[in-house]
Structure formats: structure tokens, C-alpha cells
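Peer 1: I'd like to go over a predicted model; first the sequence, then the structure.
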Amino acid sequence: MLQVLMRNWWAIAIRGVAAVVFGLIAILFPGITIGAFILLFAAYAFIDGVFAIIAGIRAAEHHERWLPLALEGLIDIAAAIVVVLWPELTLVVLGYVVAAWAVISGAALLAAAMHLRRLRGDWLLVVNGIVSLLLGAVLFLAPFAGAVLLAWWIGAYALIFGVLLLAVAFQFRRLHRLEANSNAATRRDLGSGPGSPTFL
């Protein structure tokens, strides 16, 4: 899975950017109507899910562990579909839907982090998973929060989640470049071995 994530760091970065944009909108415009907020959340969850599934497919193609990524993506898309098909959801029900989505996504991120526990940047995935679980717990414990408070909670979560994802993405990008440079150096060393031609 590590190799796949390193090669597809850009997909993680896109997920981070989408989360940051969603979080900023939710925080800066908490008074938007519940219908607009539902559509905004659905768009974010769908984009996040698509890119999580892309990473899962790439992992499967390389015969690596793909289930946590694919599961997270499917949960994201399922949450988006639920809130789009039932736009008349009350604020309480929406809170429960988002809570369930956050808890399952957090568990998937923690599973991925455990699989990558030898990676120096895996703690970022752990923090991401914990943040998701905390949001889910808050929403389950306070389902009757007002629309503005709900928007702030979800917005703050998305903002933190997005920043951490961007940090993970650039960590994978750095590791990918280091690996590419290392492979290139190895090929050069092999090419300049005792049996290779030399040019004056």
C-alpha cells in the first residue's frame, strides 16, 4: 500500500484541498440554509470518496492491501447519496449521518495507519483518524446542536482533516522522490560496474 500511496500522493492532496475548501465555507458561512449545507457536504463527500476509491483501485492493481481505502471511499459516496436522495433530512438525522460517516472513515484511516506503521509520517494518518472519531463522538452525543454549531463543528473538522491530508500527501511525495532518486542512483551504479564500457 505504501508504494501505491507514494505514487498517488496527488490524489491525497486533492482530497486535502477539497476538505480545506469545504471547511472554510462551512466556518465562514455557517448561516447558509440546511439544504445548501447538505448539498455542500454531499459534494465534498463524493469527491473525497472518488479519490479514496482511486487509491484503493491502484493498490488492488499492485496486489497490495486496498480494503481500508476502498471502504472509506464507499462510505463517503454512500453518505453523499443518502443526503442527496433525502434532502428533507432534519438537522438531527443529518448529524447522525455525518457522525456515522466520520466514525467509519476514522476507523479506516487508523487501519491504514496501522498497516503503514513503519512509515515516519504514519502518525499524521493516526491523528486524522482520531480527529474523525472525535467528530463522530461529538455529533452522536450532541445530536440536537443548532445548524450554526453543526456547521462550525463539521467545518473545523474538515479544515483540520484537510490540512493533515495535505501534510500526508507531501510526505508521500517526498518519499516518492527519494525512492526515485535512490533507484536512479542504483541503476547508474550498476551501469558503471566492472563489466560496463568506459569512455574517456
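Peer 2: Okay, I see it.
Peer 1: Make sure residue 76 is actually in contact with residue 105.
Peer 2: Yes: at 6.9 Å, residue 76 and residue 105 qualify as touching, with contact defined as CB atoms under 8 Å. For every residue, glycine as well, the C-beta is placed using N, CA and C.
Peer 1: Please enumerate the strands of this structure.
Peer 2: For the chain, applying DSSP state E gives no strands.
Peer 1: low-scoring pLDDT stretches of it, where are they?
Peer 2: By pLDDT under 70, the low-scoring segments of the chain are 1-6, 8, 31-34, 62-65, 87-91, 115-122, 143-147, 183-200.
Peer 1: What is the burial count for residue 163?
Peer 2: 16 (other CB atoms under 10 Å).
Peer 1: Can you tell me the closest non-neighbouring residue to it?
Peer 2: Nearest residue to residue 163 in three dimensions, chain neighbours excluded: residue 20, at 6.5 Å (CB to CB, 6 or more residues apart in numbering).
Peer 1: again with residue 9
Peer 2: residue 172 (3.9 Å).
Peer 1: What is the neighbour count of that neighbour?
Peer 2: 26.
Peer 1: Repeat that for residue 85.
Peer 2: 9.
Peer 1: buried ones in stretch 170-187?
Peer 2: 171, 172, 173, 175, 176 (16 or more other CB atoms under 10 Å).
Peer 1: Likewise for stretch 149-159?
Peer 2: Of the residues in stretch 149-159, those buried (16+ other CB under 10 Å) are 150, 151, 152, 153, 154, 155, 157, 158, 159.
Peer 1: I'd like those residues as TSV, with distance to residue 48 appended.
Peer 2: Shown next, in TSV, are these (distance: CB to CB, whole Å):
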residue	distance to residue 48
150	19
151	18
152	20
153	17
154	13
155	15
157	12
158	9
159	14
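Peer 1: Of these, which pair is most distant in space?
Peer 2: 150 and 159 (14.8 Å; CB to CB).
Peer 1: which one among the buried residues of stretch 170-187 gets closest to residue 54?
Peer 2: Using CB to CB, these come closest to residue 54 at residue 172, 14.3 Å.
Peer 1: Next one: the nearest residue to residue 126 once chain neighbours are set aside relative to residue 95, how far apart?
Peer 2: Counting by CB to CB, 6+ apart, residue 113 is the residue found nearest to residue 126 once chain neighbours are left out, at 4.6 Å. The spacing between residue 113 and residue 95, counted by CB to CB, to the nearest Å, is 26 Å.
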